[in-house]
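A.B. asks: I'd like to go over a predicted model; first the sequence, then the structure.
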Amino acid sequence: MRGLDYKWVEALEAIVQLGSFERAAESLYVSQSAISQRIKQLEKFLAQPALIRELPPRPTPIGKKLLGLYGRVRLLESEFIPELMNEATSKPLEVSLATNADSLATWLLPSLTSILKQKRIALNLIVDDEGRTLDKLRSGEVAGAISLESQSIAGCDADYLGRVDYLCVASPEFYQQYFAQGVNRESLQNAPTVAFDHHDDMNDRFIHQHFNLPKGSVLKHTVRSSEAFVKLALSGVAYCLIPKLQIEDELACGSLINITPDFILSHRIYWHHWQLETGVLKLLSQAIIEHAHEILPS
């Protein structure tokens, strides 16, 4: 029985990444009919569709699994084949990881520093909401992902990293302007806050849980930067939910104050990675897990 031909999956990946059969054919230096034929052969082998033919084309659930497999195969080959052939290579190992912005702004980069100095790695960090980073691992875009999800996906492990505590903070100036009479339902309706992007509902959930304010009832800035949260809070423009780890100095010197000391929002985060890791990938996972356990409360 003939097995899976990775040229078929290569064609699938090119179509999904580039958005059309034509551009995929150009990138692989073959004709458009050859690309179409590879997809037909793949789907015949699978006995089901691998691609949803719309604009732009997107993979079916089985197509996503194949792309994940293909990503693993390519990454393992790039590290293993030079060792197998006893050949040195000057080409860096390309490693993509998915992270949320808050981890990137606080503890993640220090966990990787030593390995990045020692190994020839081209690191690609994909930043997304911690509720969606796992999709990047499912699709094969990344070799590991920081996520709120505790349940591992097929072929992967989920290791607990620690707890991230978010404090609701503002500058003393902002506090006097908006909360001189206390932080309550009425004062929060007048005070501007911050969201990372249109998916970020952390503040909405926080004020609904503790102050019974409905979603969309407050003025909200969108900044798509964890560091910008801190700058906006310090400048007296808004109040924000920010990881305590990120603002310990500001809290200590009083440039930011915890405006809801009775309430705290905590997230438990996990490192999702392939089970059969070797070499650099294994070192990266070990470094991330060990450093997180040192920095984050359990």
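C.D. replies: In hand now; what should we look at?
A.B. asks: show me where the stretch 101-250 of the chain has its helices.
C.D. replies: 101-105, 108-118, 133-138, 172-178, 185-190, 202-211, 226-234, 248-253 (DSSP state H, counting those that start in this stretch).
A.B. asks: please enumerate residues in contact with stretch 129-138?
C.D. replies: If you take Cβ atoms under 8 Å, 6 or more residues apart in numbering as the criterion, stretch 129-138 is touched by 64-65, 68, 96, 98-100, 102-103, 126, 128, 142-149, 153, 156, 196-197, 199-200, 267, 269, 272. C-betas here are computed from N, CA, C, even on glycine.
A.B. asks: filter these down to the buried ones.
C.D. replies: For the contacts of stretch 129-138, a burial check counting by 16 or more other Cβ atoms under 10 Å picks out 64-65, 68, 96, 98-100, 102-103, 128, 142-149, 153, 156, 196, 200, 267, 269, 272.
A.B. asks: nearest residue to residue 49 other than its sequence neighbours?
C.D. replies: residue 60 (5.2 Å; Cβ to Cβ, 6 or more residues apart in numbering).
A.B. asks: now do residue 187, the pLDDT please.
C.D. replies: Note for residue 187: predicted pLDDT of 96.
A.B. asks: sorry, slip of the keys, the one I care about is residue 236.
C.D. replies: Looking at residue 236, the pLDDT reads 97.
A.B. asks: repeat that for residue 89.
C.D. replies: 56.
A.B. asks: which one, of the helices of the stretch 101-250 of the chain, ends up nearest to residue 56?
C.D. replies: helix 133-138 (16.6 Å; Cβ to Cβ).
A.B. asks: wait, residue 208 sits on residue 218?
C.D. replies: No: Residue 208 is not in contact with residue 218 according to Cβ atoms under 8 Å; the separation is 10.5 Å.
A.B. asks: for residue 214, which residues are in contact?
C.D. replies: residue 208.
A.B. asks: where is the longest strand in this protein?
C.D. replies: Secondary structure assigned by DSSP state E gives strand 156-170 as the longest strand of the chain.
A.B. asks: please enumerate the strands of this protein.
C.D. replies: For the chain, applying DSSP E gives strands covering 51-52, 58-59, 93-99, 121-127, 144-147, 156-170, 193-195, 220-222, 240-243, 257-258, 265-274.
A.B. asks: quick one: the second one to chain centroid distance?
C.D. replies: Right, strand 58-59. Here the centre of strand 58-59 is set off from its chain's centre by 20 Å, with Cα atoms, centre = their mean, to the nearest Å.
A.B. asks: report all helices and strands that that strand contacts.
C.D. replies: helix 6-18, strand 51-52 (3 or more Cβ pairs under 8 Å, 6 or more residues apart in numbering; DSSP states H and E).
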